[in-house]
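**Student:** Sequence first, then the predicted structure:
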Amino acid sequence: MAKRVLASGVAREVSRARDLLSVGDVESCARAASLCGGVIAALPGHAEAHEIMGRCLQRLQRPMSAVEMFERAASIEPRNPVYLAAYASALAEVGEQDEAHEVWTRAAAVVAKKVRDPAARFDAELSASAAALTVGAFESAAERAGRLVDDEKLFHAASERDRAVLLGVRAEALTRSVRAGNEHEGGAAAAREAFDAAIAAVEPHGGASLAGVLAVEASYGLGIGRQEEAVGRLRSFAVQAGEAVVSEGKVSRLLEYACKVLGRAEEEAGDLRAAWHAYRVGNAAANGNGAIDAGPDWSASVHRETVGRLMRGMDAARVGGFARAPSGLADEAGVRPVFIVGVPRSGTSLVEQVVAAHPGAVGRGELQGVWNAARWLGERVNVSPTDETFMGELNEADLADRAARYLAGHARAADADAEAAPLRRAGTGTPTVVTDKMPNNFLNLHVIWQLFPGAKVVWCVRDPADACFSCWSTPFRGDLPYTRDLELMSAFHREHDRLRAFWTERGLLDVHVVRYESLVREPEVESRALLAFLGLDWDASVLEFWRKGRRVLTASSEQATRPIYAQSIGRAARFAMADEEIGELVSGLHTR
């Protein structure tokens, strides 16, 4: 009898919580979260309460706590497709793409067995395919998407838009697989056919969707003989479509991408004025402020205040009293964490390629791990990671928890690496160097200092004008609004320099500076110094890193997978010389 009463009461509380969640405002979500907290305290195995709590925490801007709730719901009911999908989506939203891919794959398998609705099955398979593409599993993405295209029942149950998205995923996955040198059925011909199908699906709608597909083909289509044709079609309408979006005050990241791909093609063809205009329109299309010259919604003064708080938080008189994670955690995991930081487009991908080519090292690319650790810790103490009081609020147990979680990911990556794994199995006792090349982690060095005592930092530096211009002309996957305005990019770079001077002077971290121009001009000299700093013996194979075939998924994927070249040095100056107006805008970058 008592159990029935309890169950009835719990059901009412859960129902009330879901109703409050549907209202959507902050107060209602907070009340719903409180109700779910009571249910979970009484019944820790109540999956639905965890799932509702996760959605409440998302609305309350606590994304890492939400991820934990969804993870618990999915662990309680591991064959519930709703909980798995919520967990995978939450992971993707915080940038944990590898984990999201794994969970989406599980979710699709569960849906295929338990769900009859063809539209729901299509959605799950499409999500799993897109997740595979995001993490660079191109063959898996192409195979999964291909099966879905061939399944007429599922394919035609989807909306026209979702079918077009699937065709685009398949085309990109096949093309990037060919570009990476992988053999698969049909090869380049299959990739060309896939693009034909994707273009046919979006062409009636024109605009941003068509520009997006053509831009992908122009970016990766060299290996299938379609790049020139795609660029030609982009040239005929992408900039005009971007200008139309700008005049309407709308936002289109697809047209930003298309215009910047076109700009790069024009630049390579030698038409710098056309390239400049395409880049300019692309940035304006993403800013959405109704004019070509209107900048994004990002405040240089607010950012400067944030950097000031970060430096005050590391006040010399207070640092000695701050908690830190135990120093032996990295040794227990058998890894040596290395953080490659700097302004985006300053050579971080190239540096990681050099290091990752060494048999005793593994490169993990741009990880969200430190950012998410900072978020999680901030949610625990209810203090923003950029607040100057943040570091003093943390305790050793929480720091150890986040550090161990991050290092466990490093250990798994090292155990799966073809060159590093045999050395680890041989029991040499030498930790594997594992890199995280998230450039903007220079804003998280206070967190790195607390989480990873003894960690090494490689700080990449490039000519400020070239770095700023390269950011301005690059279609980043994430939203970096300051990169879409040269004045704001200059301000961001100046604050980067202020932080670099601060950390260099304080001597709290082991920092090695790599200058992009020096690495390009004297690769062996700079590579020897870099490896020595990391405690790695010299290995000449690092000078031919591109032969390793390692995949790079960042904005530098093309440049970092071929031999070192010097064409990017002086890029901003070349544009400045091409046109007087351009010269006025480019001159004084970073200093003004």
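**Tutor:** Here it is on my side, so go on.
**Student:** Tell me which helix or strand residue 340 sits in.
**Tutor:** strand 335-341 (DSSP states H and E).
**Student:** which residues are contacting that strand?
**Tutor:** The contact list for strand 335-341, computed with C-beta atoms under 8 Å, 6 or more residues apart in numbering, reads 330, 348, 351-352, 355, 370, 406-407, 410-411, 414, 431-442, 445, 448, 452, 455-460, 534-535. Heads up, the C-betas are built off the backbone N, CA and C, glycines and all.
**Student:** Need the buried ones from those residues selected in ChimeraX.
**Tutor:** Command for ChimeraX that selects the buried part of the contacts of strand 335-341, burial taken from 16 or more other C-beta atoms under 10 Å:
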select :330,348,351,352,355,370,406,407,410,411,414,431,432,433,434,435,436,437,438,439,440,441,442,445,448,452,455,456,457,458,459,460,534
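**Student:** What about the contacts of strand 335-341, which are in helices?
**Tutor:** Secondary structure defined by DSSP state H assigns 330, 348, 351-352, 355, 370, 406-407, 410-411, 414, 445, 448 of those to helices.
**Student:** Just put these in a markdown table and tack on distance to residue 99.
**Tutor:** Conversion of the ones in helices among the contacts of strand 335-341 to a markdown table gives the following (distance: C-beta to C-beta, whole Å):
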| residue | distance to residue 99 |
| --- | --- |
| 330 | 21 |
| 348 | 23 |
| 351 | 26 |
| 352 | 21 |
| 355 | 24 |
| 370 | 15 |
| 406 | 13 |
| 407 | 15 |
| 410 | 14 |
| 411 | 15 |
| 414 | 17 |
| 445 | 25 |
| 448 | 21 |
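**Student:** Which parts of the stretch 451-592 of the chain are strands?
**Tutor:** Taking DSSP state E, counting those that start in this stretch as the test, the strands found in the stretch 451-592 of the chain are 456-461, 510-515.
**Student:** Kindly reformat those as TSV containing distance to residue 38 and mean pLDDT.
**Tutor:** Putting these into TSV (distance: least, C-beta to C-beta, whole Å; pLDDT from 0 to 100) gives the following:
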stretch	distance to residue 38	mean pLDDT
strand 456-461	45	98
strand 510-515	48	97
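**Student:** So which of these is nearest residue 65?
**Tutor:** Of all these, strand 456-461 sits nearest to residue 65, with 28.8 Å by C-beta to C-beta.
**Student:** Quick check: residue 439 touching residue 349?
**Tutor:** No - using C-beta atoms under 8 Å as the test, residue 439 is too far from residue 349 to be in contact (9.0 Å).
**Student:** Flag the shaky bits of the stretch 301-450 of the chain, pLDDT-wise.
**Tutor:** Residue ranges of the stretch 301-450 of the chain with pLDDT under 70: 428-429.
**Student:** separation between residue 436 and residue 406?
**Tutor:** When C-beta to C-beta, to the nearest Å is applied, the distance between residue 436 and residue 406 equals 9 Å.
**Student:** Between the two, which contacts overlap?
**Tutor:** Common contacts of residue 436 and residue 406, defined by C-beta under 8 Å, 6+ apart, comprise 337, 369-370.
**Student:** Check those residues against residue 210 and report the nearest one.
**Tutor:** Closest approach to residue 210 among these (C-beta to C-beta): residue 369, at 36.7 Å.
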